[in-house]
Structure formats: C-alpha cells, structure tokens
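Colleague: Make a model of this:
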Amino acid sequence: VVGHIEHYADDQIYIDFASDKFEVIDNENGECRSVEMFVSILPCSHYTYCEAVWSQSKQDLIKACENALHFYGGIPMAIVPDNLKAAVARSNHNGPVINEEFAAFCQVPYAAGVNNGTSALHCAMMAMGIGAGDEVIVPANTYIATAWGVTYTGATPVFVDCTADTWEIDPEKIEEKITERTKAIIGVHLYGQPFEFNQVKAIADKHGLYVVEDCAQAHGARYNGKLAGSLGELGCFSFYPGKNLYAFGEGGSVTCHKKEYHDAITAIKNQGCQVRYYHDVIGYNYRLEGLQGAVLSVSLQYLPEWTKRRKEIGRRYLAEIINPRFTMQAHPENTDPVFHLFVVTVKDPDDFIAYMDARGMECNKHYPVPCHLQKAYEDLGYQKGDCPNAEYLASHCVTLPLFPEMTEEEVEMVVKACNAYEG
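Modeller: Residues are numbered from 1 along each chain as shown. Predicted coordinates for the structure are as follows:
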C-alpha cells in the first residue's frame with residue numbers, strides 16, 4: 001500500500017510513495033485528512049474516521065487503509081498495492097481512462113473529468129458562453145451548487161418552483177420566468193429521480209434555450225430509456241464520497257455529444273490551455289486528480305451492483321412503508337430512478353428524526369432551506385411564498401437511511417419504525 005513511512009513526534013506521517021512525499025495529519029478527534037494527492041488511499045475524508053493508532057508500523061497503516069476501503073462500499077483491494085501506481089499513471093493526465101469509461105457508461109461520445117460537481121456546472125455554463133447579464137432558470141428545490149455554477153459566470157439564477165409530486169422542476173412554471181436574457185434551463189435529477197425532460201426541452205426549443213442536466217445524484221438513472229447525462233446539451237456529475245458513484249475524495253464530470261463543448265471544457269479546466277503553457281482562454285485549475293480517476297475506474301465496475309441494491313431498498317420502502325403520515329416522491333412510469341436519497345415528507349420532521357435516532361437510525365434533511373430563500377441570494381429579492389412547493393418540502397422533508405450495504409434486517413428496521421411512528 002505504501003512505501004517508506006516516517007513518523008515524527010508531531011504526529012505527522014510522511015509517506016515516500018512513487019518518489020513523492022505525501023502528508024497526513026491525525027487531529028485530536030481522530031479524524032484524518034490529507035493535504036496532498038494521497039487522499040484516496042488513506043482514511044482521510046470527513047466521511048471516514050480512522051480507528052488505527054498511527055505508529056511506525058506499516059501494518060497499522062495498511063489496516064487503516066483497508067478499513068477505509070471497507071467503509072466505502074467494500075471495494076476490493078484491486079487498486080493496491082501493485083496496481084495503484086499503474087492506475088494512477090494511466091489516469092494522471094486529466095483522467096483520460098475514466099473519461100472514456102464514463103462516457104461509454106453514459107452512452108455519449110465525450111466526458112471531461114473535473115475536480116468536483118460544482119466545477120462541472122461552472123464549466124458547462126462557460127462552455128455554452130453564458131456570462132454576465134445572462135439568466136439561467138434553476139429549480140428552487142435543489143442543492144445550492146446547481147445555482148453556484150450559474151453565479152460563478154456572472155449570470156443570474158432565476159428560481160422556479162418544483163411540482164408537488166415528483167419534487168422536480170415544474171415545466172408549467174418555467175415559461176413565465178423566461179425573459180430576453182434567459183439562455184438556459186438547468187433541470188436536476190433530484191434524489192436520483194429524472195425530471196420531466198421532454199416537457200422542459202419543448203419549452204427550451206420554443207425559446208431557443210439550452211437544457212443542462214444536473215446529474216449529481218443520478219448516475220445510471222433513465223428517462224424514456226435514455227441515461228441521465230445523455231439527454232441535454234451537457235450533463236454535470238459529481239463523484240463526491242456520498243454519491244452513487246464516488247471517488248475517495250472529490251471528483252466530477254461533464255458529459256456531452258458535441259466535440260466543441262468537450263474541447264472548451266478541457267481547456268477551461270486545464271488553466272485555459274489545450275497545449276501546455278499556451279493559454280487561449282481564462283481557465284481554472286479544475287482537473288480531476290489522477291488518483292481519483294484511478295479509484296473511479298474501479299468504482300465504476302461496481303456501480304451496477306450498487307444501483308441494483310439501491311433500487312431493491314427503494315422499492316421496498318415504496319411498497320412497505322404504508323403509514324399515511326408520510327408522503328413519498330412520485331416516480332413516473334417512463335423513468336427509472338436510482339434512489340440516491342429516499343426522501344419523505346412528514347408533519348414534524350424534527351420529531352421524526354429524533355424518534356428514529358432514539359432507535360439507532362440516522363435520518364437527515366435534504367434540503368432544509370430552498371435556494372431562493374438562501375441568504376447568499378437575498379439580493380435577488382425572493383420572498384416566502386414565491387416557490388410554495390419547494391418551501392413546503394424544505395420544512396417537511398426527511399431522508400431515510402438507504403445505502404447499498406444495508407442488510408435486509410436493517411431495511412426491515414426502517415420499515416417497521418416508519419410504520420409504527422405516531423407523531
């Protein structure tokens with residue numbers, strides 16, 4: 001797993017691996033984080049807590065790595081030790097191997113790996129020439145990064161309410177928000193459920209607008225048989241550790257059918273150059289790390305298995321949670337969701353979360369404040385009542401436990417607890 005290990009009195013470990021130095025700091029809470037590229041092999045993200053005691057023992061460090069790999073879905077040790085260096089070498093120049101593999105998975109010609117999903121959205125906006133003075137329609141019920149991608153270009157996000165059943169962007173609310181400045185519509189496949197693409201696309205075509213997919217939660221989801229990331233002008237993915245397909249740190253990708261978009265994004269993410277040291281446009285350091293690309297190449301092989309399990313759990317919840325106190329997201333028959341999150345609404349979410357916590361089951365909220373009411377966007381002048389469906393969801397949503405490693409007994413625990421809830 002590692003080469004030479006040096007342990008110093010300040011509790012920092014320096015690892016000499018492939019002729020490079022990598023540093024890991026063990027803080028007082030036992031939470032490990034990396035400051036260099038070695039992030040993916042050590043138990044280092046804020047999702048992972050290291051139980052090993054750092055010492056000069058190589059075996060302790062190896063054990064910690066194995067614990068981290070087990071935490072992240074039990075990925076076999078195929079990438080370490082001997083294959084790791086080769087995998088990194090294959091992926092080290094903007095991640096070309098995972099780009100090809102992920103494009104094939106999404107059934108598109110091109111995929112450009114970037115450093116995270118937020119950068120993917122930013123690159124997509126820039127590739128389409130969106131900038132200051134432009135407007136982009138964004139659902140109010142989404143994670144804030146959907147709007148950041150617009151704001152970073154100098155354009156303005158225009159928030160639209162969601163439907164009351166699918167909780168996705170409401171096509172019937174889009175047209176009234178279109179102005180002469182509108183350039184694109186971003187639809188989000190929220191929680192892994194595809195949005196109503198055909199209706200959104202029809203509106204976009206009528207007004208000469210782009211449609212961009214935010215696929216951060218929808219790896220492998222389908223709409224009318226077509227994969228998320230293959231429907232719009234561009235598809236923006238995240239490989240954050242909590243996603244259905246994940247790296248061991250951060251990562252993202254932009255998928256598309258047009259070479260000109262791919263070429264533009266390749267330059268934008270790489271300091272504005274196609275040829276080293278020749279910078280044709282203002283660029284950013286948004287490259288996907290080689291090591292993350294190597295991990296993703298392995299993770300992608302297991303995505304169908306993980307997705308299958310997510311669907312099994314999601315369908316059990318849909319069929320077996322029959323407590324009328326809960327409302328669930330609708331899943332139209334022409335869609336095939338991947339259940340990144342299983343969100344319900346309930347009268348008193350805080351009471352229900354406490355109820356579940358007392359029974360050993362952690363729940364959460366996705367998302368407690370809709371985008372149009374976030375303080376960061378208060379200058380846009382939105383008020384409570386502007387997006388009533390999104391606001392209702394924000395104040396009533398609860399996310400149930402759902403991950404591929406859940407046992408049947410754990411799923412049964414959640415079902416029984418939900419059905420017994422009387423709050």
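Colleague: the helices in this structure, which residues?
Modeller: 58-71, 82-91, 96-106, 117-127, 145-151, 197-207, 259-269, 290-320, 349-358, 388-396, 408-420 (DSSP state H).
Colleague: For Ala376, which of those is the nearest?
Modeller: For the helices of the chain, distance to Ala376 was read as CB to CB. The smallest value, 8.3 Å, belongs to helix 145-151. The way it works is simple: take the backbone N, C-alpha and C, and place the C-beta from them, glycine included.
Colleague: and the closest one, C-alpha only, in PDB?
Modeller: Taking Å, rounded to 0.1, in the frame of the first residue of the first chain, the C-alpha atoms of helix 145-151 are listed here in PDB:
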ATOM      1  CA  ALA A 145     -24.300  24.000  -6.100                       C
ATOM      2  CA  THR A 146     -26.800  24.000  -9.000                       C
ATOM      3  CA  ALA A 147     -27.100  27.700  -8.700                       C
ATOM      4  CA  TRP A 148     -23.400  28.300  -8.000                       C
ATOM      5  CA  GLY A 149     -22.500  27.100 -11.400                       C
ATOM      6  CA  VAL A 150     -24.600  30.000 -12.900                       C
ATOM      7  CA  THR A 151     -23.400  32.600 -10.400                       C
END
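Colleague: Show me what that helix is packed up against.
Modeller: The contact analysis (3 or more CB pairs under 8 Å, 6 or more residues apart in numbering; DSSP states H and E) places helix 145-151 against helix 117-127, strand 135-139, strand 156-160, strand 182-188.
Colleague: returning to that earlier point: which stretch among the helices of the chain comes nearest Val160?
Modeller: So among those, helix 388-396 is nearest, using CB to CB, at 8.9 Å.
Colleague: List the buried residues for the closest one?
Modeller: 389-394, 396 (16 or more other CB atoms under 10 Å).
Colleague: Tell me the one of the residues you listed nearest Val275?
Modeller: Using CB to CB, Ala390 comes nearest to Val275 of those, at 45.1 Å.
Colleague: Make sure that closest one is actually in contact with Val369.
Modeller: No: judged on CB atoms under 8 Å, Ala390 makes no contact with Val369 at a distance of 9.8 Å.
Colleague: where does this protein dip in pLDDT?
Modeller: 1-95 (pLDDT under 70).
Colleague: How about the contacts made by Thr118?
Modeller: Residues in contact with Thr118, defined by CB atoms under 8 Å, 6 or more residues apart in numbering, are 145, 148-149, 238, 252.
Colleague: Switch those over to a markdown table; also include neighbour count.
Modeller: Formatted as a markdown table, those follow (neighbours: other CB atoms under 10 Å):
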| residue | neighbour count |
| --- | --- |
| Ala145 | 22 |
| Trp148 | 19 |
| Gly149 | 27 |
| Ser238 | 29 |
| Gly252 | 30 |
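Colleague: Of these, which is the nearest to Pro304?
Modeller: Within these, proximity to Pro304 (CB to CB) peaks at Ser238, which comes in at 18.9 Å.
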